[in-house]
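S.K.: Based on what follows, work out the 3D shape:
(one chain, ligands or ions: 1)
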Amino acid sequence: TPRLRPALDGIPTYKPGKPAAAGAGAGAAAAAYKLSSNENPYPPLPGVLEAAVAAAGSFNRYPDMACAALTAEIAERLGVPPEHIATGTGSVGVAQQLLQATAGPGDEVIYAWRSFEAYPIITQISGARSVQVPLTAAERHDLVAMADAVTGATRLIFVCTPNNPTGTAVRRGELERFLDRVPRDVLVVLDEAYCQFVRENRDDAADGGIPDGLEVYRDRPNVCVLRTFSKAYGLAGLRVGFAVAHEPVAAALRKTAVPFGVSQIAQEAAIASLRSEAALLERVESLVAERTRVREGLLAQGWPVPETHANFVWLRLGERSVDFGAACEAAGVVVRPFAGDGVRASVGEREANDILLAVAEEFRKEW
Ligand code: PMP
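M.R.: The predicted structure follows:
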């Protein structure tokens with residue numbers, strides 16, 4: 001057998017959200033609704049679909065490797081120089097490029113735990129060591145403890161805000177205090193996959209509100225913002241994400257990218273999405289309203305649901321997590337149980353959310 005890198009031993013495999021069974025009705029044995037991957041429940045907008053289909057007509061050709069048109073469109077939309085943008089195969093692809101650009105054996109990568117499950121995987125693949133800093137009792141990043149965890153070996157820190165799977169977000173004041181303590185040669189990645197769902201960004205909100213990473217990165221060359229078209233823009237299946245970073249980091253990301261990693265179909269659909277942003281953000285608004293309805297329903301049932309700024313809710317069910325997941329599935333929705341820890345349920349179609357609320361109510365009675 002070929003010799004494989006020992007760093008790969010014991011690597012956790014990325015578990016995709018379980019799919020919903022096609023054609024199954026609610027209440028059937030197989031679940032009809034998928035609330036397990038924080039996807040956008042809305043189907044593609046017709047104009048975005050048309051752009052993708054038109055691009056599909058030339059898939060005998062390689063895509064534009066530089067994603068030049070998409071990069072220009074993003075840069076204009078966000079008000080940043082195009083040189084500061086690096087695209088990749090989903091933001092998880094860009095996160096992997098970030099690791100390849102910064103860390104290897106002997107290095108350390110800090111992130112909160114629990115957080116996005118790809119962080120431990122891509123860190124281990126790089127050969128670096130994961131330093132996991134527990135969330136606070138309120139399911140929030142403990143940015144003081146994360147700054148305390150920095151050593152001379154630290155190369156990269158992920159700050160997932162809003163955090164997957166708890167939905168909590170870091171606030172401006174605590175983030176600035178944290179960044180002031182992190183050495184300038186350590187890259188801090190603000191993973192903002194869910195930023196379009198944040199509603200508490202006013203700076204008169206608690207501790208300065210929830211900041212837009214783009215304001216934070218501007219004066220800090222060691223801060224990089226990670227964004228995706230998968231969630232609010234509904235392009236999860238097309239795999240396109242990007243980082244906004246200062247020139248040296250963005251250039252390193254281009255070097256570590258898989259060549260032609262973003263298909264022309266994905267590039268055109270992403271451009272069309274930016275041009276249809278108003279319609280997409282209207283959908284986001286409906287999802288935010290559903291999020292409020294779901295969370296308030298759960299709170300009324302007596303569940304301690306942390307504040308959520310994303311398109312999902314987190315229930316810390318501990319040892320009952322897997323049972324709750326099975327009960328949801330039997331009732332027609334697939335959620336994401338993390339065994340022994342909690343359950344993350346995406347905000348989806350109204351009917352799906354209603355099923356979740358009904359299962360939670362039953363479960364609460366026997367709690
Ligand atoms: N970051 C976070 C926090 C996520 O939750 C996800 C998706 N689950 C991603 C990044 C990756 O998304 P994508 O690769 O589809 O852009």
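S.K.: surely residue 113 meets residue 132?
M.R.: Yes - contact criterion C-beta atoms under 8 Å: residue 113 and residue 132 qualify, at 3.7 Å. Backbone N, C-alpha and C define where each C-beta goes, glycine included.
S.K.: neighbours of the residue of the stretch 1-150 of the chain found nearest the ligand, just the number please.
M.R.: In the stretch 1-150 of the chain, the residue that lies nearest the ligand is residue 90 (2.6 Å; C-beta to the nearest ligand atom). By other C-beta atoms under 10 Å, the residues close to residue 90 number 24.
S.K.: residues touching it, list them.
M.R.: Contacts for residue 90 were tallied using C-beta atoms under 8 Å, 6 or more residues apart in numbering; they are 228, 230, 239, 240, 241.
S.K.: so how far is residue 263 from it?
M.R.: According to C-beta to C-beta, to the nearest Å, residue 90 stands 12 Å off from residue 263.
S.K.: who touches both of the two?
M.R.: Counting by C-beta under 8 Å, 6+ apart, the contacts common to residue 90 and residue 263 are residue 239.
S.K.: re the thing from before, out of the contacts of residue 90, which sit inside strands?
M.R.: Within the contacts of residue 90, residues falling in strands by DSSP state E are 228, 241.
S.K.: Can you tell me the SS state at residue 189?
M.R.: Under DSSP: H, G, I helix; E, B strand; the rest coil, the three-state class of residue 189 is strand.
S.K.: ugh, wrong one, I meant residue 87
M.R.: Residue 87 ends up strand, using three-state DSSP.
S.K.: between residue 113 and residue 132, who's got more neighbours?
M.R.: A direct count of neighbours by other C-beta under 10 Å for residue 113 and residue 132 places residue 132 higher, at 17 against 14.
S.K.: Counting by contacts, list what the strand or helix carrying residue 121 packs against.
M.R.: Assigned by DSSP states H and E, residue 121 falls within helix 118-126. For helix 118-126, the packing partners by 3 or more C-beta pairs under 8 Å, 6 or more residues apart in numbering; DSSP states H and E come out as helix 90-102, strand 108-113, strand 129-134.
S.K.: got the angle for the last one vs strand 108-113?
M.R.: Spelled out, that is strand 129-134. For strand 129-134 against strand 108-113, the angle by axes from the mean of the first three to the mean of the last three C-alpha atoms, to 10 degrees is 30 degrees.
S.K.: So what's the gap between strand 129-134 and the chain middle?
M.R.: The chain centre lies 18 Å from the centre of strand 129-134; the measure is C-alpha atoms, centre = their mean, to the nearest Å.
S.K.: List the neighbouring strands of it plus their orientation.
M.R.: Looking at strand 129-134 with DSSP bridges, its partner strands are strand 108-113 (parallel).
S.K.: The ligand contacts on the protein?
M.R.: By C-beta under 6 Å from any ligand atom, the residues of the chain that approach the ligand are 38, 90-92, 116, 160, 164, 191, 193, 228, 230, 236, 241.
S.K.: Kind regards, and thank you for your time.
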